[in-house]
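1. Output the structure for:
(chains A and B)
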Amino acid sequence: MKALSLAGRNLKEVYREIAVIPLSVGQPVVFLLLFNYFSKSDPAAPDIFRIDMLVPGIILLSLGFITLFSALFLARDRQSAFLTRLLAAPLTPSDFILAYIIPYILIAILQTVACFIMALVLGMSFHAGILLSFIVFIPLAIICIALGMILGSLFSENVAPGIGSIAIMVMTLLGGVWMDLSWVGGWFERIAYILPFAHGLDAARVLIGGGAVSSIGSELIWILGYMIVFISLGILSFRWKTKP
Amino acid sequence: MKGENGNLVSAVEINNLSRRFGKHLLAVDNLNLSIKRGEIFALLGPNGAGKTTTIKMLCCLLRPSSGNATVMGKDILQAPQAVKQVINVSPQETAVARNLTALENLILMGKIYGINSGKTRARAEELLEMVGLGKRSGEAVKRFSGGMLRRLSIAMALISDPCVLFLDEPTAGLDARSRKSLWELIESFRGKKTVVLTTHYLEEADALADRLAIINKGRLVALGTSEELKQKLAGMETMTIKAEDLTQKAVERLEENYPRVTLTDGKLIIEAEKLDFDTVVDCLRAEGVRIKWLSMKEPSLDEIYLKITEGGQMDESA
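-> Okay, here's the model as predicted:
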């Protein structure tokens, strides 16, 4: 209950900031429109820019922005006296963690739905795989929020967004948003498949392409494992930086 | 500290509390204090004296390097959650959620302290009226002035009806009018709540506090009521008189009552621990002196404070 009250405050703080919702939702939709236009203009464009392949990548990109926004939000709170007030209140660390995660999950769902609606408008056909892909995107969103919590706990309001931008580049490049990782191959591909993003994108593309959930079992385990690790690291970083 | 019937009479007991930052900075040095229930207690000291560090330790936001303290009988080291349930704090900087309205800020804090929604709303509205923000309750607080934010911050600290209210420099940076209005608010808590406030404004401690502790370089250097400190530490009242027909005989007559009488530049200066206005005036009139002008100055807390914080240390039992 206390966590939900604090989550409500965090959500209000986020959506009342003029730029956050248009940036979070508008930006991936615009990206989707642009890349779709580029790929239609060039018949030789690689498959990766086909709408059903592109949309999971753009969703991952938009989740990357959640890392940046959540890092900035926490870093700002941490530097303000408001967090001092909250830390002096009878709240547990799990109240804080839930309160920071819940609002951004809602924004992630909003972003993902907006991307799918735009993809449907651009000609992708609707089927159950689109809905099923949420079992991949929600853990990926939690990984991105937890990464934001780690950055927001460890770095200041000035530094956290910069590192968040680097995180976006890393997760989209190593996730295989912009190119087929098998084309690059070598150490780049090996590193990409150590991280969760390429697994997530592969799994989402399978589901959106009509594949069964049973065929993405190993990817799901990989993503859920990372989700637990990142949440734990997020809690540890937050506790470390706010401990008495 | 316990009363005759065994009930706790002290709200805060601080025992040998110290906090070190790194190897060289001892921010709080072996502090011992007992703050009574219902009293307004001021921690007074210059910037960096250790006031905020002390408050943070009492609010379980900072772990002491050594020593301990209890708040309402609850141990800050062993039972921090229990301490947090009976205290509330208004931190030094503006501690509000800027994109929320004043009412939303209060309701949020109420819910965080586990008060049910209906009660929280009613209490929030009541508190906003009390701090003079009733008409602005629906406005986003980012548009509030500094004084309004401080009043809101104190209301947020009151929402949980805490037994002990910590106010860390509640009026720092405010204009005279806003400060006066906050003083009236804090004054209204006297006898109802234990208030521990930090300040570097002497005037504030003098006007508000039942008792005050002067802290310098992390150490307690003086403790008592404002009057006690003035009398025991500074000691001297001063009367300055400008008069016509001032004679040596009149001076001698005064010296019978007050040993420190000086005549300089036509002005008579009398200093004593306790000066009696009538005695002085009667002495002079009896000698035919016509008083043109007279001023009387009580020992000032400023003098004591400056003396202490410039490096000297007073008797802690004062």
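
2. C-alpha from now on. contacts and neighbour counts both.
-> OK.

3. so does stretch A:67-86 get close to chain B?
-> Yes. Using Cα under 8 Å from any Cα of the partner chain, stretch A:67-86 comes into contact with chain B via A:Ser80, A:Ala81, A:Phe82, A:Leu83, A:Thr84, A:Arg85.

4. mean confidence for stretch B:176-191?
-> Averaging pLDDT along stretch B:176-191 gives 84.

5. could you list every residue that touches the residue in the stretch 151-300 of chain B that chain A sits nearest to?
-> Residue nearest to chain A within the stretch 151-300 of chain B (Cα to the nearest Cα): B:Ala157, separated by 8.6 Å. Listed by Cα atoms under 8 Å, 6 or more residues apart in numbering or on different chains, the contact partners of B:Ala157 are B:Asn88, B:Val89, B:Ser90, B:Leu165.

6. make it 10 Å
-> With contact taken as Cα atoms under 10 Å, 6 or more residues apart in numbering or on different chains, B:Ala157 is in contact with A:85, A:89, B:87-91, B:106, B:109-110, B:151, B:164-167.

7. rewinding a little: out of the residues of stretch A:67-86 next to chain B, which are buried?
-> A:Ser80, A:Ala81, A:Phe82, A:Leu83, A:Thr84, A:Arg85 (16 or more other Cα atoms under 10 Å in any protein chain shown).

8. And the pLDDT at the third one?
-> At A:Phe82, the predicted lDDT confidence score is 88.

9. That one and B:Ser90, how far apart?
-> In this view, A:Phe82 and B:Ser90 are 9 Å apart by Cα to Cα, to the nearest Å.

10. State the helix or strand in which A:Glu17 lies.
-> Following DSSP states H and E, one finds A:Glu17 outside all helices and strands.

11. That one contacts B:Lys142, correct?
-> No. A:Glu17 is not in contact with B:Lys142 according to Cα atoms under 10 Å; the separation is 11.5 Å.

12. More neighbours: these two, which one.
-> Comparing A:Glu17 with B:Lys142 by other Cα atoms under 10 Å in any protein chain shown, the one with more neighbours is B:Lys142, at 14 against 11.

13. what's the nearest residue to that one if we skip its chain neighbours?
-> Using Cα to Cα, 6 or more residues apart in numbering or on different chains and skipping residues adjacent in sequence, the residue nearest B:Lys142 is B:Arg98, 4.9 Å away.

14. does the one you found count as helix, strand or coil?
-> Under DSSP: H, G, I helix; E, B strand; the rest coil, B:Arg98 falls in the coil class.

15. How about the one 5 residues further on?
-> Recorded secondary structure, B:Leu103: helix (three-state DSSP).

16. and it, how many neighbours?
-> Per other Cα under 10 Å, the neighbour tally for B:Leu103 reads 24.

17. ok, now B:Leu33?
-> By the measure other Cα under 10 Å, the count of residues near B:Leu33 is 15.

18. Run through the residues that contact it.
-> Neighbouring residues of B:Leu33 by Cα under 10 Å, 6+ apart: B:Val12, B:Glu13, B:Ile14, B:Asn15, B:Asn16, B:Leu17, B:Ala69, B:Ala213, B:Leu220, B:Leu223.

19. With distance to B:Ala79 and neighbour count as new columns, can the residues you listed be given to me in CSV?
-> Listed next are these as CSV, based on distance: Cα to Cα, whole Å; neighbours: other Cα atoms under 10 Å in any protein chain shown:
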residue, distance to B:Ala79, neighbour count
B:Val12, 14, 24
B:Glu13, 15, 20
B:Ile14, 15, 18
B:Asn15, 16, 16
B:Asn16, 18, 15
B:Leu17, 17, 20
B:Ala69, 11, 23
B:Ala213, 26, 24
B:Leu220, 26, 25
B:Leu223, 28, 22
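
20. hmm, back to that, anything in contact with each of A:Glu17 and B:Lys142?
-> In contact with both A:Glu17 and B:Lys142: B:Asn99, using Cα under 10 Å, 6+ apart.

21. Not counting sequence-adjacent ones, nearest residue to residue 105?
-> No chain specified, so I'll use chain A. Nearest to A:Ile105 is A:Ala141, by Cα to Cα, 6+ apart, at 6.5 Å.

22. that's the other chain; I wanted chain B
-> Closest residue in space to B:Asn105, ignoring its immediate chain neighbours: B:Ala97 at 6.4 Å, by Cα to Cα, 6+ apart.

23. Spatially central, which residue of chain A would that be?
-> A:Leu63 (2.4 Å; Cα atoms, centre = their mean).

24. number of nearby residues for B:Glu287?
-> 16.

25. mind checking pLDDT for it?
-> 85.

26. B:Val280 is in contact with that one, correct?
-> No. Contact criterion Cα under 10 Å: B:Glu287 and B:Val280 do not qualify, at 11.2 Å.
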